[in-house]
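only geometry, no sequence info:
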């Protein structure tokens, strides 16, 4: 959460200075602490943009994923894999979207063990409105120009790749 009055100093830079005196090299600590703080700032901005639409970021991501699917539907297992969520979490998300008539569950036409989740017209409309809201605020990412934003994305992808997030 952003403080009502900005601090007169950067607390992460101050922590890094003290870290240097008491522990050693602060680069990783300062970078990770900065990423965590930026995540809080972005989450607050995105939540604020999605709240009027009655969506959480997880539900918004699920709608976008379905909207991107060629047929507007995907098996729940694939949704969980693409969103990198546990099966219980994707079930909860789909339950809530279905309760709001934003998606429907349908049996797979050729695999009786598989359930498809399909975005509805109302889901498409809400997804479009929510997308307009989050893109209007650049998902809360402020202070960087286009080149810096692309560089940040590339750098974070390197960390994600090295951690095994994707092949």
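Yes, it's here. Keep in mind the model is a prediction, meaning the values are calculated, not measured.

Please count neighbours and contacts with C-alpha atoms only from this point.
Will do.

Pull the residues that contact the strand or helix carrying residue 43.
If you go by DSSP states H and E, residue 43 is part of helix 27-50. Helix 27-50 is contacted from outside by 1-2, 12-13, 15-16, 56-57, 60, 130, 133-134, 137, 139-141, using C-alpha atoms under 8 Å, 6 or more residues apart in numbering.

from those residues, which is closest to residue 116?
Taking C-alpha to C-alpha as the measure, residue 116 lies nearest residue 60 of the contacts of helix 27-50, at 17.8 Å.

Relative to residue 9, how far out is the most far-flung residue of the chain relative to its centre?
Distance from the C-alpha centroid of the chain peaks at residue 21, with 36.2 Å (C-alpha atoms, centre = their mean). Note on residue 21: its distance to residue 9, by C-alpha to C-alpha, to the nearest Å, is 18 Å.

returning to what we had before: mind checking pLDDT for the residue farthest from the centre of the chain?
pLDDT, residue 21: 97.

Show me what counts as buried in the strand or helix carrying it.
Secondary structure from DSSP H and E places residue 21 in helix 11-22. Residues of helix 11-22 classed as buried: 16-17, 19 (neighbour count, 16 or more other C-alpha atoms under 10 Å).

Kindly report the same for stretch 43-51.
Applying 16+ other C-alpha under 10 Å to stretch 43-51 flags 43, 45-50 as buried.

what's next to stretch 129-138, contact-wise?
Here stretch 129-138 has contacts from 45-46, 49-50, 53, 60, 140, using C-alpha under 8 Å, 6+ apart.
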